[in-house]
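Asker: structure for the following, please:
(2 chains)
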2 protein chains.
Amino acid sequence: MPSSKKLTGKPDEIAAFLDRFDVFLFDCDGVLWRGDKLLPKVVETLEMLRSKGKQVVFVTNNSTKSRRAYVSKLNSLGIPASADEIFGSAYSAAIYISRVLSLPKDKKVYVIGEAGIEEELASEGVSFFGGTDPAERAEISEADYEAIGPNASVGVVLVGLDRGINYRKLARAHGYLQHPETRFLATNIDSTFPTHGGLFPGAGSMSAPLTYMTGREPLSLGKPSQAMMQAIEGRFKFDKKRTCMVGDRINTDIKFGIEGGLGGTLGVLTGVSKEEEFLNGEVVPEAYVDKLADLLG
Amino acid sequence: MPSSKKLTGKPDEIAAFLDRFDVFLFDCDGVLWRGDKLLPKVVETLEMLRSKGKQVVFVTNNSTKSRRAYVSKLNSLGIPASADEIFGSAYSAAIYISRVLSLPKDKKVYVIGEAGIEEELASEGVSFFGGTDPAERAEISEADYEAIGPNASVGVVLVGLDRGINYRKLARAHGYLQHPETRFLATNIDSTFPTHGGLFPGAGSMSAPLTYMTGREPLSLGKPSQAMMQAIEGRFKFDKKRTCMVGDRINTDIKFGIEGGLGGTLGVLTGVSKEEEFLNGEVVPEAYVDKLADLLG
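Answerer: Numbers count the residues shown, from 1 in each chain, chains lettered A, B, ... in the order given. The predicted structure follows:
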């Protein structure tokens, strides 16, 4: 079984590792912060990388926030960042719909999800409905039962985390997915969403009933799906061989980097995956550190 | 591959078939009615069976109605019936919890579901919360995030069709299911629910996200689960070998009868399954008729 190498903090070893990369893709929760608490010396580490001319990109499966909202979150934790450096699954989905699917202008996206998705679809000029529209909060009515069904004008059903999920939304999405040409996309398919120190239903739990009903699996635009890597490539020009993915989760972050053919992957032990998994697993990062700040040497 | 025999309506043949059984278990939708329209001569056929001293039991996966409510529905369609003749999945779940699990009096059931479930749990003296309680309609709050989690006093999470499903209910059920001793039950796991001439999300689509999150499969108390057969046996005394299941769906009704070791199964062509499936399938009824009224000869 493959095993990962621990970077022990010797300055030469760290320098040799960093020199191999021009771009660092960062997972956020479990790498930069945990819950709402910044991890030690994260700001200094990012500053060091930027001072060496490295490009940093924050790659997150959280679809509830747009890039703009993510900048606010990073800044509120004391991390300088610009919208150009953020790549969230809502943006990934918007890019995929506008630039890969090239959704015709007369087709719309039916959204199960929150404001982050709407903001990113709007930024790409994609027409959508559903989402946070107050009308979506209604219970299913007699008129709905008659009206719900496939509709050729709905090109995509896009499902992300939606804390306003209800029966009517699931029924409408199921109806639209009866149309063979309506695509089924998800911002990500994480079963749970870490918040407030616990795990709560994630985006994948909003699409799971639709898969159960239709037998169709959504194309996920979040890690570890390579559709997200394609969307990142559509947005940034970068040399994959000189890019390193940094993350705490083997089955999303590390898998994403390895399957994407990046030059390197770096695990951190401040999140979900344990050292044992980095040492003995089917999928392991090339190298790992206890915490991100160990890159300071 | 096994094949089913068509009863062509010759009086001797029909009489010989009926003589083998004392009890007939009937699926309802697709057998007695379709949508809200009674099928031809259903009332006369049931009358004929009763006049021959046969016991009839109506077995339905619909958990939204209690036995009492089902009697009203049957009567409104012109079918005489008493609550004793109804066996719905909500009642099945209530019986299972009270008589098979023998849920201790200090434990409660958390319900995702509608009034039929609540009424049947109450009829068996089972304590429950959730369900149609207006407080359950709330959006998830900051206080909820802190409070949600496993709770030893919740002995069962029971999931049925709930047209008031929301994020908070899914989060609470997920929290309770973290407790290893909290049982996970479903009234049934049908992915869709036929109504208003279409298919809408069914009970199984309410439990699907919980299975996706927890990796736990619910024990289903509806057809074709044999837990429902056990519950029927706990309620009625009958000789399985002299009992016939009548239904339109191979994968629920007919499978239920065959796996339950009933003396016979009879398919009808007024519902979901097609003649081709009765003639060539992995699972086929022993015999079939075009419509229930063919039993009149």
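
Asker: tell me the contacts of A:I86?
Answerer: Contacts for A:I86 (Cβ atoms under 8 Å, 6 or more residues apart in numbering or on different chains) come out as A:57-58, A:60, A:67, A:70-71, A:74. Where C-beta positions appear, they are placed from N, C-alpha and C, glycine not excepted.

Asker: restricted to strands, list those residues.
Answerer: A:57-58, A:60 (DSSP state E).

Asker: from those residues, pick the one nearest chain B.
Answerer: Set against chain B, the nearest of the ones in strands among the contacts of A:I86 by Cβ to the nearest Cβ is A:T60 (19.6 Å).

Asker: to what extent is the closest one buried, counted in neighbours?
Answerer: Neighbour count of A:T60, defined by other Cβ atoms under 10 Å in any protein chain shown: 24.

Asker: dump the residue contacts of it.
Answerer: A:27-29, A:70, A:86-89.

Asker: any chance of the residues you listed in JSON lines with secondary structure as columns?
Answerer: Shown next, in JSON lines, are these (DSSP: H, G, I helix; E, B strand; the rest coil):
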{"residue": "A:D27", "secondary structure": "coil"}
{"residue": "A:C28", "secondary structure": "coil"}
{"residue": "A:D29", "secondary structure": "strand"}
{"residue": "A:Y70", "secondary structure": "helix"}
{"residue": "A:I86", "secondary structure": "strand"}
{"residue": "A:F87", "secondary structure": "strand"}
{"residue": "A:G88", "secondary structure": "strand"}
{"residue": "A:S89", "secondary structure": "helix"}
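
Asker: out of those, who has the most neighbours?
Answerer: Within the contacts of A:T60, neighbour counts (other Cβ under 10 Å) peak at A:S89, which reaches 33 neighbours.

Asker: if we only consider the contacts of A:I86, which is nearest to B:L295?
Answerer: If you rank those by distance to B:L295 using Cβ to Cβ, A:T60 comes first, at 62.6 Å.

Asker: host element of the residue in the stretch 1-150 of chain A that chain B sits nearest to?
Answerer: In the stretch 1-150 of chain A, the residue that lies nearest chain B is A:Y145 (3.8 Å; Cβ to the nearest Cβ). If you go by DSSP states H and E, A:Y145 is part of helix A:142-147.

Asker: again, but for A:A171
Answerer: helix A:167-176.

Asker: that helix and chain B in contact?
Answerer: Yes - residues of helix A:167-176 are located near chain B by Cβ under 8 Å from any Cβ of the partner chain, namely A:167, A:170-171, A:174-175.

Asker: quick check, nearest of the residues you listed to A:S127?
Answerer: The closest of the residues of helix A:167-176 next to chain B, once distances to A:S127 are taken by Cβ to Cβ, is A:G175, at 18.6 Å.

Asker: can you name the residues that contact that closest one?
Answerer: A:G175 touches A:148-151, B:198, counting by Cβ under 8 Å, 6+ apart.

Asker: re the thing from before, how about the contacts of A:T60 in a markdown table, adding distance to B:G130?
Answerer: Putting the contacts of A:T60 into a markdown table (distance: Cβ to Cβ, whole Å) gives the following:
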| residue | distance to B:G130 |
| --- | --- |
| A:D27 | 36 |
| A:C28 | 34 |
| A:D29 | 30 |
| A:Y70 | 35 |
| A:I86 | 39 |
| A:F87 | 39 |
| A:G88 | 34 |
| A:S89 | 31 |
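
Asker: how is chain A carved up into domains?
Answerer: Domain assignment for chain A by automatic domain parsing gives A:5-61+A:224-296, A:103-220.

Asker: residues of stretch A:7-20 that come out buried?
Answerer: A:7, A:14, A:17-18 (16 or more other Cβ atoms under 10 Å in any protein chain shown).

Asker: contact residues of chain A facing chain B?
Answerer: A:139-140, A:142, A:145-146, A:148-149, A:162-167, A:170-171, A:174-175, A:191-192, A:195-196, A:198-202, A:204-206, A:208-209, A:211-213.

Asker: can you pull out the helices in the stretch 1-150 of chain A?
Answerer: A:11-19, A:42-51, A:67-76, A:89-95, A:115-123, A:142-147 (DSSP state H, counting those that start in this stretch).

Asker: tell me the most buried of these?
Answerer: helix A:89-95 (a mean of 31; mean count of other Cβ atoms under 10 Å in any protein chain shown).

Asker: pairing partners for A:F24 in the sheet, please.
Answerer: Applying DSSP bridges to A:F24 yields these beta-bridge partners: A:V56, A:C244.

Asker: residue contacts, the nearest residue in space to A:L46 that is not next to it in sequence?
Answerer: Leaving aside its chain neighbours, A:L46 sits nearest to A:V56 (6.1 Å; criterion: Cβ to Cβ, 6 or more residues apart in numbering or on different chains). Applying Cβ under 8 Å, 6+ apart to A:V56 gives the contacts A:23-24, A:26, A:46, A:49-50, A:85.

Asker: re the thing from before, distance to A:G130 and pLDDT added to the contacts of A:I86, as JSON lines?
Answerer: Below are those laid out as JSON lines (distance: Cβ to Cβ, whole Å; pLDDT from 0 to 100):
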{"residue": "A:V57", "distance to A:G130": "29", "pLDDT": "97"}
{"residue": "A:F58", "distance to A:G130": "27", "pLDDT": "97"}
{"residue": "A:T60", "distance to A:G130": "23", "pLDDT": "96"}
{"residue": "A:R67", "distance to A:G130": "21", "pLDDT": "95"}
{"residue": "A:Y70", "distance to A:G130": "22", "pLDDT": "95"}
{"residue": "A:V71", "distance to A:G130": "26", "pLDDT": "96"}
{"residue": "A:L74", "distance to A:G130": "28", "pLDDT": "95"}
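
Asker: nearest to B:S220, of those?
Answerer: Set against B:S220, the nearest of the contacts of A:I86 by Cβ to Cβ is A:T60 (37.1 Å).

Asker: how about A:T195, phi and psi?
Answerer: Backbone geometry at A:T195, expressed as degrees, to the nearest 10, gives phi -160, psi 150.

Asker: and it, how many neighbours?
Answerer: 15.

Asker: cool, the one 3 residues further on as well?
Answerer: Taking other Cβ under 10 Å as the criterion, the count of residues near A:G198 is 17.

Asker: lowest average confidence, helix or strand, in chain A?
Answerer: Every helix and strand of chain A was ranked by mean pLDDT, DSSP states H and E. The lowest is strand A:192-195, at a mean of 88.

Asker: list the buried residues of it.
Answerer: Within strand A:192-195, the residues scored as buried using 16+ other Cβ under 10 Å are A:192-194.

Asker: go on, stretch A:236-256?
Answerer: A:238, A:242-256.

Asker: of those residues, closest to chain B?
Answerer: Closest to chain B, out of all of the buried residues of stretch A:236-256 and judged by Cβ to the nearest Cβ, is A:N251, at 13.8 Å.

Asker: and the closest one, how far from B:L32?
Answerer: Remark: distance between A:N251 and B:L32 (Cβ to Cβ, to the nearest Å) = 49 Å.

Asker: let me see the ranges of the helices in the stretch 151-297 of chain A.
Answerer: In the stretch 151-297 of chain A, the helices defined using DSSP H, counting those that start in this stretch lie at A:167-176, A:204-214, A:226-235, A:255-259, A:275-279.

Asker: quick check: angle from the first one to helix A:204-214?
Answerer: Between helix A:167-176 and helix A:204-214, the angle comes out at 50 degrees (axes from the mean of the first three to the mean of the last three Cα atoms, to 10 degrees).

Asker: TSV for the ones in strands among the contacts of A:I86, including distance to A:P2?
Answerer: Formatted as TSV, the ones in strands among the contacts of A:I86 follow (distance: Cβ to Cβ, whole Å):
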residue	distance to A:P2
A:V57	26
A:F58	27
A:T60	26
